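>>> Let me see the structure of the following:
(chains A and B)
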Amino acid sequence: MSIAGRIPPWIVSMLLALAFWQVAASVGPISDSSIPTAVDSVTTLVQLLGQSETWIALGQTVAIAAIGFALSLLIALPLGILIGLSRFAFTSTKFVFDFFKVIPPIVIIPITILALGPTFQMGVFLVVFGLVFALAIQTAYGVRDADPVLLDTMRAYRQGIVTQIRYARLPSAASFIAVGIRISATAALVIAVVAGLIGGAPGLGRQLLLSQTGGLADQTFAIVLLLGVLGVLVSHGIEWSRRKVIFWEDR
Amino acid sequence: MTAEISIRNVSMEFPTPDGVKHVLNDISYDVNQHHFVSIVGPSGVGKTTLLRLLTGLMKPTSGEIQVHGERISGAPKGLAVVLQDYTRSLMPWLTIEKNIALPLRNQKLGKAETRERIESSLEEVGLSGTGGNYPWQMSGGMQQRASIARALAVRPTILVMDEPFASVDAQTRFDLEDLVLKVRADFGITTLMVTHDIDEAVYLSDEIVVLHGRPAGVRDVVVVDIPFPRSQIETRNDQRFTELRTHVYAMVRGLE
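Model (predicted):
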């Protein structure tokens, strides 16, 4: 195989996109605007990475996203399992959960700022609010999705409800939960950034706001690039662990 | 002969949006201990409903089912099942060994005894040494063998099979039928099997219950007086085999 053939396609497409950006911003149609070139943005990103403030902000954003995500799982999984086990609970809570699920966390920022201020806690609360309903519904769906043939088999072998939950309902729910987790993990990051950008919570979102209002275009774009890389890492990490945990799928 | 299972005046109705659907009407039949009984009938006649009643997964609208003279509520003790859809009744997240071990948990066996049950039942179905595999790493025929091994491991007194060989290819089907005959010779478990393959019913059974009508009743009980051991080549060419299958076939199609 030639050397070119051994380069992963994602590197090729990424380099092409950067090249397109560079050309468009230096000689192309947007060369008159304040949009920096790819080279300037990347250079600024490298400089930013040499500053401890950047790493602190990155750590704050990741911490808000991670803590919010973990709390959401802690609340949503047991709740979703309980709701999924009872047809009555499922049908009666579904409407309420669907209602809250579609409310974007951004619209409750004013209320949360009143209650909690532009703080770390406010960011965590927004993440939880943004994730918990969708995760709970997803879990409940998964629990309800357990194969009736499998459940019949277990009942015929006189296996109790606890064994049925442990060996049939939870593994069946796992693939639904995994989808929820994959979407939620990146959503947690987005909400953590929005909490800073709109609500002033600490982290990269606030840095973004400060760079933007300070007219530092290079730095604004550098932070966006950093967030992009972070998002890709998170989503690949989640996908990798999903394959390890739910090994019986994708065969 | 003593009756292991007694079906007494069992009727079954389901509520549907179009009114009550009457599926089974006043079914009575005794399954003798150590007998192999097949239930045949046209598609949709209620064969699987009857099996679900026998496994205690549903309660009849009227009448009752007794095991050793006691009315069942829920799955009776000593019951094992083999269902058509092995891909859905074996757990893909557990190895074959663990699939077999799961129903044994009720019996509170020691580690060594559990191990021994798993090994011996895998050996009985010709799957020795494959217990560490996941079901999806095996062929359909092997998965159905594994389902049978899981059933045997609980040392059942009653085995219920719902179309057990309907999802495998013809050659595998013959192999599995012969495996069932071997299991029968080795253990003499009282067995009820639903099938729509009439040849298979005649080949394996002591008695065939023919369901017919809407709601379904017992049209006839055919005694299969072909001696054991049976073999795919000789038994299926036997004149009595041909007579019986023609007779049963005609009843299932409503021609007799």
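>>> got the CA coordinates for stretch A:165-175 in PDB?
Taking C-alpha atoms only, stretch A:165-175 is exported to PDB below (Å, rounded to 0.1, in the frame of the first residue of the first chain):
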ATOM      1  CA  ILE A 165     -34.700  -7.700  36.000                       C
ATOM      2  CA  ARG A 166     -31.000  -8.600  36.500                       C
ATOM      3  CA  TYR A 167     -30.700 -11.000  33.600                       C
ATOM      4  CA  ALA A 168     -33.300  -9.900  31.000                       C
ATOM      5  CA  ARG A 169     -34.600  -6.400  31.500                       C
ATOM      6  CA  LEU A 170     -31.300  -4.600  32.300                       C
ATOM      7  CA  PRO A 171     -29.300  -6.200  29.500                       C
ATOM      8  CA  SER A 172     -32.100  -5.500  27.100                       C
ATOM      9  CA  ALA A 173     -32.300  -1.900  28.300                       C
ATOM     10  CA  ALA A 174     -28.500  -1.600  28.000                       C
ATOM     11  CA  SER A 175     -28.500  -0.800  24.300                       C
END
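>>> low pLDDT regions in the chain?
No chain in the question, so chain A it is. Applying pLDDT under 70 to chain A picks out residues A:1-5, A:250-251.
>>> look at chain B instead
B:1, B:256.
>>> Which parts of it are strands?
Applying DSSP state E to chain B gives strands spanning B:3-16, B:19-32, B:36-40, B:62-67, B:70-71, B:79-83, B:158-162, B:190-194, B:207-212, B:217-223.
>>> Could you dump those strands into CSV with distance to A:R243 and mean neighbour count added?
Any C-beta I mention is one placed from the backbone N, CA and C, and that applies to glycine too. What follows is the strands of chain B, written out as CSV (distance: least, C-beta to C-beta, whole Å; neighbours: other C-beta atoms under 10 Å in any protein chain shown):
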stretch, distance to A:R243, mean neighbour count
strand B:3-16, 43, 17
strand B:19-32, 45, 16
strand B:36-40, 44, 26
strand B:62-67, 46, 18
strand B:70-71, 49, 12
strand B:79-83, 30, 25
strand B:158-162, 34, 24
strand B:190-194, 39, 24
strand B:207-212, 48, 23
strand B:217-223, 53, 16
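>>> Please go through chain A and pick out the longest helix.
Longest helix of chain A, by residue count under DSSP state H: helix A:52-85.
>>> For chain B, which residues are neighbours of chain A?
Within chain B, the positions adjacent to chain A are B:52, B:55-57, B:74-75, B:77, B:79-81, B:83, B:85, B:88-89, B:91-94, B:102-103, B:105-106, B:134, B:136, B:154, B:160 by C-beta under 8 Å from any C-beta of the partner chain.
>>> So how do I select the buried members of these in ChimeraX?
Here is the ChimeraX command that selects the buried residues among these (16 or more other C-beta atoms under 10 Å in any protein chain shown):
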select /B:52,55,56,57,75,79,80,81,83,85,88,89,91,92,93,94,102,103,134,154,160
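>>> Among the residues of chain B next to chain A, which ones are in helices?
Per DSSP H, the residues of chain B next to chain A map to helices at B:52, B:88-89.
>>> Just give me the closest of those to A:Q47.
Nearest to A:Q47, judged by C-beta to C-beta, of these is B:R88 at 57.7 Å.
>>> The closest one: what's it in contact with?
When contacts are counted by C-beta atoms under 8 Å, 6 or more residues apart in numbering or on different chains, B:R88 touches A:147, A:149-150.
>>> Name the member of these with the most neighbours.
Most neighbours among the contacts of B:R88, by other C-beta atoms under 10 Å in any protein chain shown: A:L150, with 23 neighbours.
>>> what about that one, which helix or strand?
Using DSSP states H and E, A:L150 sits in helix A:148-156.
>>> Is it correct that B:L122 is in contact with B:S128?
Yes: using C-beta atoms under 8 Å, B:L122 is in contact with B:S128, at 5.5 Å.
>>> Look at those two and report which has more neighbours.
Counted by other C-beta under 10 Å, B:L122 and B:S128 do not tie: B:L122 has more neighbours, with 23 against 11.
>>> Can you give me every residue that contacts that one?
With C-beta under 8 Å, 6+ apart, B:L122 has these contacts: B:96, B:100, B:128-131, B:146, B:149.
>>> can we see that at 6 Å?
Residues in contact with B:L122 (C-beta atoms under 6 Å, 6 or more residues apart in numbering or on different chains) are B:128, B:131, B:149.
>>> And the residue of the stretch 151-256 of chain B closest to chain A?
B:V154 (7.0 Å; C-beta to the nearest C-beta).
>>> Hmm, that residue is touching B:L102, no?
No: the pair B:V154 and B:L102 does not pass the contact test of C-beta atoms under 6 Å, sitting 10.1 Å apart.
>>> Phi, psi for the residue of the stretch 151-256 of chain B closest to chain A please.
For B:V154, the backbone dihedrals (degrees, to the nearest 10) come out as phi -80, psi 0.
>>> picking up where we left off before, who are the packing partners of the helix holding A:L150?
Applying 3 or more C-beta pairs under 6 Å, 6 or more residues apart in numbering or on different chains; DSSP states H and E, we find helix A:148-156 packed against helix B:86-89.
>>> rerun at 8 Å
helix A:161-164, strand B:79-83, helix B:86-89 (3 or more C-beta pairs under 8 Å, 6 or more residues apart in numbering or on different chains; DSSP states H and E).
>>> Include distance to A:K94 when you put the ones you listed into a markdown table, please.
Formatted as a markdown table, the helices and strands packed on helix A:148-156 follow (distance: least, C-beta to C-beta, whole Å):
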| stretch | distance to A:K94 |
| --- | --- |
| helix A:161-164 | 22 |
| strand B:79-83 | 31 |
| helix B:86-89 | 26 |
